[in-house]
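**Q** Predicted structure and sequence below. I'll ask about it afterward.
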Amino acid sequence: MSAQSALKSTFRSLSNRNYRLFFAGQLVSNTGSWMQRIAQDWLVLALTHSGIALGVVSALQFLPILLLSVWGGALADRYRKRIMLIITQSAMGVLALALGLLTVTGVVTVWQIYLFALALGAVAALDTPARQSFVVEMVGPEQLQNAVSLNSANFNLGRVVGPAVAGVMIGLFSSEVAGSGWVFLINAVSYVAVVTGIAAIRPRELLPAKRIERRRGQQIEGFRYLRTRPDLLAVLATVLVFGTFGLNFPVLLPLFTTRVFHSGASAYGLLSAIMAVGSLTGALLAARRGTSRIRVILGGALAFGALEVISAMMPDFATFAVLLLLTGIAALTVATTANSVIQTTVVPQLRGRVMGVYLLVFMGGTPIGSPLVGWMAGLVGVRWTLAFCGVATALCAISAAYVLAWRTDQRILASVTRRPHVAVVPRTA
């Protein structure tokens, strides 16, 4: 395959006008959101000097996922996703604006950051199932794998640019608090781009699934469906441990920066950007693949866990950064492939609700994992905590692979035993 054809294959979903608008708006918004994430973490650290406080903020931001994501998935199956996204993205912009004004005026307190993290998480719990299941309506099932991978690449391109810009901006101000406030305000402006892009999408060119009527028990239908899919249950189990423990870098990277490498905000932004480069690479590699396989998820999770353990042993900033790059590639291989497998193999009328369950599993463990990881970092040290997270992820991937292999063996054995026995007649002289 030539370089030109490979490039065309990687970005083939962008030939769709509606998806191009969506992609462009998300790129601006993702960059602003990652700027805010870095600034928020650094602001909490500047105000509290506490790893536990970082974990609490992260937990509060993801706590609504436990309560609202499945309901958000039901709403996505019931209403027009495009209108839902305009409302939720506008609400996120307003929240960023309010937090920015409180911060630049110098009146922000930790409890206010906690409150805004909780509110942002509530909006995100409604936004994410609709946004992820909206992709197939723009590009169709044939291009879904590619579009989901490009969404991940978009997200991680924002992770490359956003942390670097945020780190520089915060460093420009004599007060880290004021610098963080201006980052929040810039993020608020970025939501104008995504809302404008979604509003410009042509509804007549969409391929929406049939909307469901409101009735009792809708929210648990996704769980009932997944009970019939042991393959997807294995994916969700791996994603649960991967998201709860493996992906706690927002808690661990600031602590590695300050306590292990004794550096500041710029170094933290650099580490975040380096991992994002790896994640971007993993997403683009996934975009070139035509199909998604469960074995890629399990193999990627095993590699991710091993890389986290090795990263925890690195003696200096440079070697740690190199391992972080490889860890980012493995992380996005897992996340992107799992998202694609879930979306491409479910019944269309259940896609929103199943994605709500996926979001619950992938991000809902963070309210438990983040404070626990922050507490462990203070108790046994940052390096041991990162190694524990890697071991947990790798062991879960191995266990899921074993269970799937065992179920396959049992199914083959059952099919053999159900066959009618053929009598063997001995040969006579």
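**A** Yep, that arrived.

**Q** Give me the helices and strands touching the top helix by length along the chain, please.
**A** The longest helix of the chain (DSSP state H) is helix 382-418. Judged by 3 or more Cβ pairs under 8 Å, 6 or more residues apart in numbering; DSSP states H and E, the packing partners of helix 382-418 are helix 230-241, helix 249-255, helix 294-312, helix 366-380. The C-beta positions use only the backbone N, C-alpha and C, and glycine is treated the same way.

**Q** And those helices: which comes nearest Gly25?
**A** When those are compared by Cβ to Cβ, helix 249-255 sits nearest Gly25, at 24.1 Å.

**Q** tell me what the closest one is packed against?
**A** So helix 249-255, by 3+ Cβ pairs under 8 Å, 6+ apart, packs with helix 17-48, helix 51-78, helix 265-288, helix 366-380, helix 382-418.

**Q** any chance of the ones you listed in TSV, with mean neighbour count and distance to Gln219 too?
**A** Formatted as TSV, the helices and strands packed on helix 249-255 follow (neighbours: other Cβ atoms under 10 Å; distance: least, Cβ to Cβ, whole Å):
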stretch	mean neighbour count	distance to Gln219
helix 17-48	22	27
helix 51-78	23	5
helix 265-288	22	30
helix 366-380	21	20
helix 382-418	16	26
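
**Q** Relative to Leu172, which of the ones you listed is closest?
**A** helix 265-288 (10.4 Å).

**Q** Show the average pLDDT along the closest one.
**A** The average pLDDT within helix 265-288 is 80.

**Q** SS state for Thr319?
**A** helix (DSSP: H, G, I helix; E, B strand; the rest coil).

**Q** Could I get the full set of helices for the stretch 51-200 of the chain?
**A** For the stretch 51-200 of the chain, the helices defined by DSSP state H, counting those that start in this stretch cover 51-78, 81-104, 110-139, 144-172, 176-199.

**Q** CSV for those, including distance to Thr337?
**A** Output for these, formatted as CSV (distance: least, Cβ to Cβ, whole Å):
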stretch, distance to Thr337
helix 51-78, 20
helix 81-104, 23
helix 110-139, 14
helix 144-172, 9
helix 176-199, 25
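
**Q** which residues of the stretch 1-150 of the chain score low on pLDDT?
**A** Applying pLDDT under 70 to the stretch 1-150 of the chain flags the ranges 1-7.

**Q** re earlier: mind putting the helices and strands packed on helix 382-418 into a markdown table with distance to Leu359?
**A** As requested, these are exported to a markdown table (distance: least, Cβ to Cβ, whole Å):
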| stretch | distance to Leu359 |
| --- | --- |
| helix 230-241 | 10 |
| helix 249-255 | 17 |
| helix 294-312 | 16 |
| helix 366-380 | 11 |
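
**Q** Kindly state which of these is positioned closest to Ala178.
**A** Nearest of these to Ala178, taken as Cβ to Cβ: helix 249-255 at 19.0 Å.

**Q** how far does that closest one sit from the chain's center?
**A** Mean C-alpha position of helix 249-255 versus that of the full chain (Cα atoms, centre = their mean, to the nearest Å) differs by 16 Å.

**Q** In CSV, list the C-alpha atoms belonging to it.
**A** Only the C-alpha atoms of helix 249-255 are listed here, as CSV (Å, rounded to 0.1, in the frame of the first residue of the first chain):
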residue,chain,number,x,y,z
PHE,A,249,-2.6,9.4,35.3
PRO,A,250,-4.4,12.7,36.3
VAL,A,251,-3.7,11.7,39.9
LEU,A,252,-0.2,10.1,39.5
LEU,A,253,1.5,12.4,37.0
PRO,A,254,1.3,15.5,39.1
LEU,A,255,2.7,13.5,42.0
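
**Q** which residues are contacting that helix?
**A** 37, 41-42, 45, 51, 54-55, 58, 268, 271-272, 275, 370, 373-374, 377, 382, 385-386, 389 (Cβ atoms under 8 Å, 6 or more residues apart in numbering).

**Q** Quick check: chain neighbours aside, which residue is closest to the residue nearest the centre of the chain?
**A** In the chain, the centroid-proximal residue (Cα atoms, centre = their mean) is Ala335; its distance is 6.5 Å. Nearest residue to Ala335, sequence neighbours excluded (Cβ to Cβ, 6 or more residues apart in numbering): Ser152, at 6.6 Å.

**Q** where does the stretch 301-429 of the chain have low pLDDT?
**A** In the stretch 301-429 of the chain (pLDDT under 70), the answer is 364, 415-429.

**Q** hmm, back to that, so which elements touch the helix or strand the residue nearest to the centre of the chain falls within?
**A** Per DSSP states H and E: Ala335 is located in helix 317-345. Using 3+ Cβ pairs under 8 Å, 6+ apart, the elements in contact with helix 317-345 are helix 110-139, helix 144-172, helix 230-241, helix 265-288, helix 294-312, helix 351-364.

**Q** let's see 10 Å
**A** helix 110-139, helix 144-172, helix 230-241, helix 249-255, helix 265-288, helix 294-312, helix 351-364, helix 382-418 (3 or more Cβ pairs under 10 Å, 6 or more residues apart in numbering; DSSP states H and E).

**Q** Export the ones you listed as CSV, with columns for distance to Thr88.
**A** Output for those, formatted as CSV (distance: least, Cβ to Cβ, whole Å):
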stretch, distance to Thr88
helix 110-139, 4
helix 144-172, 16
helix 230-241, 23
helix 249-255, 22
helix 265-288, 23
helix 294-312, 28
helix 351-364, 13
helix 382-418, 30
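
**Q** And the ones you listed: which comes nearest Leu27?
**A** helix 144-172 (5.2 Å).

**Q** List the residues that contact Tyr358.
**A** 69, 73, 128-129, 132-133, 222, 226, 232, 235-236, 239, 338-339, 341-343, 346, 364 (Cβ atoms under 10 Å, 6 or more residues apart in numbering).

**Q** Sweet, I'm off.
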